[in-house]
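Peer 1: here are the coordinates; sequence isn't available:
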Ligand SMILES: O=C(O)COP(=O)(O)O
Ligand SMILES: [Mg+2]
C-alpha cells in the first residue's frame with residue numbers, strides 16, 4: 001500500500017516538501033476554515049508560501065458562492081487573494097455549460113438546484129436559468145403543482161439541463177421539477193457530489209446528498225464538474241499554465257481533493273486532518289486515495305520558517 005509521509009514537526013522535511021513545488025492548489029472547506037472560522041495560522045502559512053515565490057490557487061467544490069463572493073469571504077476572514085486565484089465548482093460548471101456543453105436553443109436553459117453562487121456564475125457566462133434561489137420554489141408543493149408538473153404546463157420547455165449543487169433550501173417541489181426535466185432528456189450535471197459538507201467543526205448534508213434523490217429516481221449519475229473531475233483540472237491547467245509535476249493539491253477529503261491531485265498526475269498531494277478525513281481513513285484497507293504527504297493542520301507548514 002502506498003505510504004504517506006508525515007511532515008508535522010519535521011522542519012527539514014517541510015522545507016524539502018515546499019521546495020518541490022511552484023504551485024499549491026488549496027481546497028477551502030476543512031483546510032482553510034470551517035464555515036467562517038479560519039483555522040489558526042492559515043494566513044501566515046499562505047504568506048510564507050507566497051514569500052517563497054509559490055503561487056496559491058483556491059479550488060473549492062462549494063458552489064454556494066461565486067468567485068467574487070468568495071473574494072469577499074477571503075477579505076472578511078483576512079486572507080489576501082484575488083478573483084483570478086479562486087476556482088470554484090460553480091465557475092467550473094458555468095464554463096463547462098457555456099464552453100463545452102454549448103446548449104442549443106430552444107433547450108438552452110438550466111434548471112438550478114443550488115444557491116446564488118451558481119446563479120452568479122451562470123449569469124457571468126450568459127447562460128439562462130430558472131430555479132435556484134427563486135422564492136417561488138421555496139414552498140410546499142400544492143395540488144395545482146402536481147397537476148401542472150404532471151401535464152407539463154408548469155414546466156419550462158426551454159430547460160435542457162439540470163445543474164445540482166449544495167442547496168440549503170432543497171424541497172419536494174424543486175426535486176419534482178428537476179426530476180421531470182430529467183425524464184424529458186435534460187442533461188444531468190452537478191457542481192460536485194460531496195456526500196457531506198464540513199461546517200462549524202461538524203458535518204452536514206453535502207451537494208451529493210442534495211442531488212442523490214435524482215440519482216435514485218433516474219438511475220443516472222450526474223456529470224460532476226468539481227473535484228475530482230479532471231475537467232476542472234484541465235481548466236485550471238489551461239488557465240494558469242500549470243507544470244503539473246511542480247504542483248501540489250492540499251485537501252481534507254480523500255474522494256475529492258486527494259483523488260483530484262493523484263488522477264491529475266500532480267507532483268504531490270498533502271492531506272490535512274482538520275476536515276473530513278483523518279490518517280485512519282487513508283490507512284484503511286481499500287482507501288479511495290492515499291496522500292503523498294500529510295500534516296495535522298495546515299499551519300504545521302510554518303515550521304519551515306524555524
Ligand atoms: O462544498 C463542499 O462540500 C466542500 O467544499 P471544499 O471543496 O472547499 O472542501
Ligand atoms: Mg474540503
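Peer 2: Perfect, thanks for sending it. Because the structure is a prediction, the values reported are computed rather than measured. Numbering: from 1, shown residues only. Ligands and ions are numbered 1, 2, ... in the order given.

Peer 1: Helices along the stretch 51-200 of the chain, start to end?
Peer 2: Counting by DSSP state H, counting those that start in this stretch, the stretch 51-200 of the chain has helices at residues 67-76, 89-95, 116-124, 143-150, 172-183.

Peer 1: Need these in JSON lines (columns: distance to residue 213, mean neighbour count and mean pLDDT).
Peer 2: C-beta coordinates here come from the backbone N, C-alpha and C atoms, glycine included. Listed next are these as JSON lines, based on distance: least, CB to CB, whole Å; neighbours: other CB atoms under 10 Å; pLDDT from 0 to 100:
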{"stretch": "helix 67-76", "distance to residue 213": "27", "mean neighbour count": "17", "mean pLDDT": "95"}
{"stretch": "helix 89-95", "distance to residue 213": "19", "mean neighbour count": "30", "mean pLDDT": "96"}
{"stretch": "helix 116-124", "distance to residue 213": "18", "mean neighbour count": "22", "mean pLDDT": "98"}
{"stretch": "helix 143-150", "distance to residue 213": "15", "mean neighbour count": "12", "mean pLDDT": "98"}
{"stretch": "helix 172-183", "distance to residue 213": "5", "mean neighbour count": "19", "mean pLDDT": "98"}
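
Peer 1: would CSV of those with distance to ligand 2 be doable?
Peer 2: Formatted as CSV, these follow (distance: least, CB to the ion, whole Å):
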stretch, distance to ligand 2
helix 67-76, 14
helix 89-95, 11
helix 116-124, 16
helix 143-150, 35
helix 172-183, 25
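
Peer 1: okay if I get the ones you listed as a markdown table plus distance to residue 277?
Peer 2: Shown next, in a markdown table, are those (distance: least, CB to CB, whole Å):
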| stretch | distance to residue 277 |
| --- | --- |
| helix 67-76 | 23 |
| helix 89-95 | 19 |
| helix 116-124 | 24 |
| helix 143-150 | 39 |
| helix 172-183 | 29 |
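
Peer 1: residues from the chain in reach of ligand 2?
Peer 2: Taking CB under 5 Å from the ion as the contact definition, the chain meets ligand 2 at 27, 29, 30, 252, 275.

Peer 1: tally of neighbours for the spatially closest residue to the first one that is not a sequence neighbour?
Peer 2: Okay, so that is residue 27. The spatially closest residue to residue 27, leaving aside those adjacent along the chain, is residue 251, at 3.9 Å (CB to CB, 6 or more residues apart in numbering). Using other CB atoms under 10 Å, residue 251 is surrounded by 31 other residues.

Peer 1: Can you list phi and psi of residue 251 for me?
Peer 2: Main-chain torsions, residue 251, degrees, to the nearest 10: phi -150, psi 170.
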